[in-house]
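S.K.: got a sequence here, can you model it:
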Amino acid sequence: MNIPALEDYIDIVERALKEDIGHGDVTTDSLELGDRRGEARIVAKEDGIIAGLFVAETVFRKLDPKISFEKHVEEGTRVRRGDLLAVAKGRASALLSAERVALNFLQRMSGIATFTFIMTRKVEGSKAKIYDTRKTVPGLRVLDKYSVRAGGGLNHRVGLYDAVLLKENHVAMAGGVRAAVERARAHTRGALKIEVETRSVDEALEAVEARADIIMLDNMSLDDMEKAVALIDGRAVVEVSGNVNTLTAPHIAGLGVDMISVGALTHSPDALDISMLFNISDD
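M.R.: So this is what the prediction gives:
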């Protein structure tokens, strides 16, 4: 799995450190540690999927470039409570100042990866794949979407610039599903696939007749989804969105859909419980 390039997230790390440390870490500074060295052991406190160790490493090294960071697990690894994830060694004051920011990234990213993994397990045995959405924390999209991949999910469009997705308000402004699809196709001249959000079986039929490439069934009942899938009959890729959770996902996947998009992967994940255990070291 490819991790984001440093230039794609270094500004995120820098902003986080500036926000937390400001003009100085007055608590750590009061200890007057000087150049004393320390060792920080990062440990999982619950089971989950790990994502973001590379970001944590960047946080530490931003405060002390000479810090060593030894990973004990790989990205996307399934870990158990008590597992050692990484060991950082270096200037003790830098380790202490970096702790919260490093853990914030690691806990959030691992939480996303863990929830994504759980959702992918719910659709095993079907052709459906779990996708994310654009419901990410502003400014953190590159890390949020990476975390979905670390958990075995797939990324939907990155932003408004890389795919056409005609949602409810676009359809309303265009005057209907068919008109919206036709306008989008004319504008893109076939360079991009056209996806359209539909909210009823009738709108799904209209999308089929307009030859949309991907038809999203949004917030439909299971009965209506089943009718729409039968009506589409393989003439377009079928995506389902809205009210998808661990209970509904298996039933949705059983209808024979291709894509299941889950906003909750990134808009409301539970952070994975991870701690940093600190010791002064003479190394």
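
S.K.: now the lowest-mean-pLDDT helix or strand in the chain: buried residues?
M.R.: Every helix and strand of the chain was ranked by mean pLDDT, DSSP states H and E. The lowest is strand 274-281, at a mean of 90. By neighbour count on 16 or more other C-beta atoms under 10 Å, the buried set for strand 274-281 is Ile274, Met276. C-beta here means a position set from N, CA and C on the backbone, and glycine is covered the same way.

S.K.: now do stretch 154-173
M.R.: For stretch 154-173, the neighbour count (16+ other C-beta under 10 Å) marks His156, Arg157, Val164, Leu165, Leu166, His170, Val171 as buried.

S.K.: hmm, the second one is touching Lys167, no?
M.R.: This points to Arg157. No. Between Arg157 and Lys167 there is no contact under C-beta atoms under 8 Å: 11.7 Å.

S.K.: quick one: strands adjacent to the least confident helix or strand of the chain?
M.R.: Strand pairing for strand 274-281, determined by DSSP bridges: strand 37-44 (antiparallel).

S.K.: what pairs with Gln278 across the strands?
M.R.: No Gln there; residue 278 is Phe. Taking DSSP bridges as the rule, Phe278 bridges to Ala40.

S.K.: how far away is it from Leu165?
M.R.: 46 Å (C-beta to C-beta, to the nearest Å).

S.K.: returning to what we had before: the buried residues of stretch 154-173 in helices, which ones?
M.R.: Those of the buried residues of stretch 154-173 mapping onto helices are His170, Val171, per DSSP state H.

S.K.: may I see the buried residues of stretch 154-173 organised as JSON lines, with pLDDT added?
M.R.: Shown next, in JSON lines, are these (pLDDT from 0 to 100):
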{"residue": "His156", "pLDDT": "97"}
{"residue": "Arg157", "pLDDT": "95"}
{"residue": "Val164", "pLDDT": "97"}
{"residue": "Leu165", "pLDDT": "98"}
{"residue": "Leu166", "pLDDT": "98"}
{"residue": "His170", "pLDDT": "97"}
{"residue": "Val171", "pLDDT": "97"}
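
S.K.: show only the entries of the buried residues of stretch 154-173 found in strands.
M.R.: The members of the buried residues of stretch 154-173 that map onto strands under DSSP state E are Val164, Leu165, Leu166.

S.K.: correct me, but the first one touches Glu195?
M.R.: Yes. Checked against C-beta under 8 Å, the pair Val164 and Glu195 is within contact range at 6.3 Å.

S.K.: now for the helix or strand harbouring Arg149, which elements pack on it?
M.R.: Taking DSSP states H and E as the criterion, Arg149 maps to helix 141-150. Here helix 141-150 touches helix 6-21, helix 92-122, helix 264-267, going by 3 or more C-beta pairs under 8 Å, 6 or more residues apart in numbering; DSSP states H and E.

S.K.: give me the phi and psi for Asp202.
M.R.: Backbone torsions of Asp202, given as degrees, to the nearest 10, read phi -60, psi -40.

S.K.: of all the helices and strands packed on helix 141-150, which lies closest to Ala191?
M.R.: Of all these, helix 6-21 sits nearest to Ala191, with 24.7 Å by C-beta to C-beta.

S.K.: any idea of the mean pLDDT for the helix or strand that the closest one is followed by?
M.R.: Per DSSP H and E, the first helix or strand lying C-terminal to helix 6-21 is helix 26-29. Helix 26-29 shows a mean pLDDT of 96.

S.K.: go ahead and confirm Phe69 touches Arg61.
M.R.: Yes. Phe69 lies in contact with Arg61 (C-beta under 8 Å); the separation is 7.0 Å.

S.K.: pull out the buried positions in stretch 216-225.
M.R.: Met216, Leu217, Asp218, Met220, Asp224, Met225.

S.K.: quick check, Thr114 in contact with Gly151.
M.R.: Yes. Contact criterion C-beta under 8 Å: Thr114 and Gly151 qualify, at 6.5 Å.

S.K.: before we move on, back to that, who's in contact with the helix holding Arg149?
M.R.: 1, 3-4, 8-9, 12, 49-52, 55, 75-76, 105, 108-110, 112-113, 116, 132, 134, 136-137, 154-155, 158-159, 265-266 (C-beta atoms under 8 Å, 6 or more residues apart in numbering).
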